[in-house]
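S.K.: Sharing a sequence plus its predicted fold:
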Amino acid sequence: MSHSGTIFISGAGRGLGRAMALHLAGPETRLLLHYGSSAESARQTAHQAQAKGAEAVLLQADLADPDARAAMMKQAAEAGEGRLRLMINNAAVYLEAGLLETTPEQWNRTMEINCNAVFHLTSLALPLLRAGAPSRVINLGDSGADRVVARLEAVPYHAAKLGVHLLTRSYAKALTGEGITVNMISPGFLENSVGTPPASIPAGRPGRFEDVLGALDYLLSDSAAYVSGANIVVSGGWNI
C-alpha cells in the first residue's frame, strides 16, 4: 500500500501526529488532519504538507465530546469524498496525577479522548474505510498496553491504552475479512514525552519520531497486507 489516497490522522497538529502527517504527505495524498486546541501548529502542519504536494484539510474537534466527534467525521466524509485508505488514531492526553489524587472528571476526560474516541471514530469511519478498501487502521498505544500491571501514576492513561489494545485486536477480528487491517504501534518514552527520560532505556536514548515512522511504513507496506491485530512495540527495549 503506497502513501496515497485519503488519510485521516487524529491529533495531527503537533508531536508524533504532525510527524506522521508530514511523512505521509505527497502529491497523491489527501490528508484529513484533526486537531483539538493547537490551531496555529495545525495550520503549520497543513502548510508544510501542502508544500510537499498533498491536499490538507483541517478538522477541529474536542474528542472528549461525542457530538463533536460525530460532526467532525461527517466533515471528514465530505472532504474525503466518502472514502478512506488509512485511519490513524493518534490523539491522546497524559494526566500525570497520582491515582489517589485523580478526580472523576480527569478520569472521564482521559478515557473519552484516549479510548472512547478510538472506538467512536473508527465506528463512524467504517463506511469510509469499506469504500476505500483495501484500507488500514493504525492505533497508537503505549509500550505497556499489552499487559495489566499496577500503576500509581497516570492510571486513566494506562487504562485507556489497555482498552485501545483490546479494540485493536477486536476490530482486526471483525474487519480483516472485509479488507480492512487493524494494528497498533506502541511507543515507549519518546523525544516529546512528559517527564525525564528513564535511565533504564536499554537503547540508551528516548525514542525519536523516526523510530515510530519505521513501524508505520512497515504496516503500510504490501508486506504487511496479511498483518492484522498486531501490536508493534517501539521502545528501545524499555518497559517490556
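M.R.: Yep, that arrived. Bear in mind that the values here come from a model prediction, so they are computed numbers and not experimental data.
S.K.: Can I get the one helix or strand residue 56 maps to in PDB, CA atoms only?
M.R.: With the criterion set as DSSP states H and E, the secondary-structure element containing residue 56 is strand 55-60. Listed in PDB are the C-alpha atoms of strand 55-60, where the atom choice follows Å, rounded to 0.1, in the frame of the first residue of the first chain:
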ATOM      1  CA  GLU A  55      -4.000  18.200  -0.100                       C
ATOM      2  CA  ALA A  56      -4.600  19.100   3.500                       C
ATOM      3  CA  VAL A  57      -7.900  19.600   5.300                       C
ATOM      4  CA  LEU A  58      -8.000  20.700   8.900                       C
ATOM      5  CA  LEU A  59     -10.700  19.300  11.200                       C
ATOM      6  CA  GLN A  60     -11.200  20.700  14.700                       C
END
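S.K.: right, and the helix or strand after it?
M.R.: Downstream of strand 55-60, the first helix or strand assigned by DSSP H and E is helix 66-79.
S.K.: and the next helix-or-strand element following that following helix, what does it pack onto?
M.R.: Counting by DSSP H and E, the element after helix 66-79 in chain order, helix or strand, is strand 86-89. In this structure, strand 86-89 makes packing contacts with strand 5-9, helix 15-24, helix 117-132, strand 135-140, judged by 3 or more C-beta pairs under 8 Å, 6 or more residues apart in numbering; DSSP states H and E. For every residue, glycine as well, the C-beta is placed using N, CA and C.
S.K.: contacts for the second one?
M.R.: The set of residues that contact helix 15-24 without belonging to it, under C-beta atoms under 8 Å, 6 or more residues apart in numbering, is 3, 7, 9-12, 31, 33, 41, 45, 48-49, 52, 54, 56, 86, 88, 90-91, 140, 187, 190, 192, 209, 212-213, 216.
S.K.: Next, the buried residues of it.
M.R.: Of the residues in helix 15-24, those buried under the neighbour-count criterion (16 or more other C-beta atoms under 10 Å) are 15-24.
S.K.: again, but for the third one
M.R.: Taking 16+ other C-beta under 10 Å as the neighbour-count basis, helix 117-132 is seen to contain the buried residues 117-122, 124-126, 128-129, 131-132.
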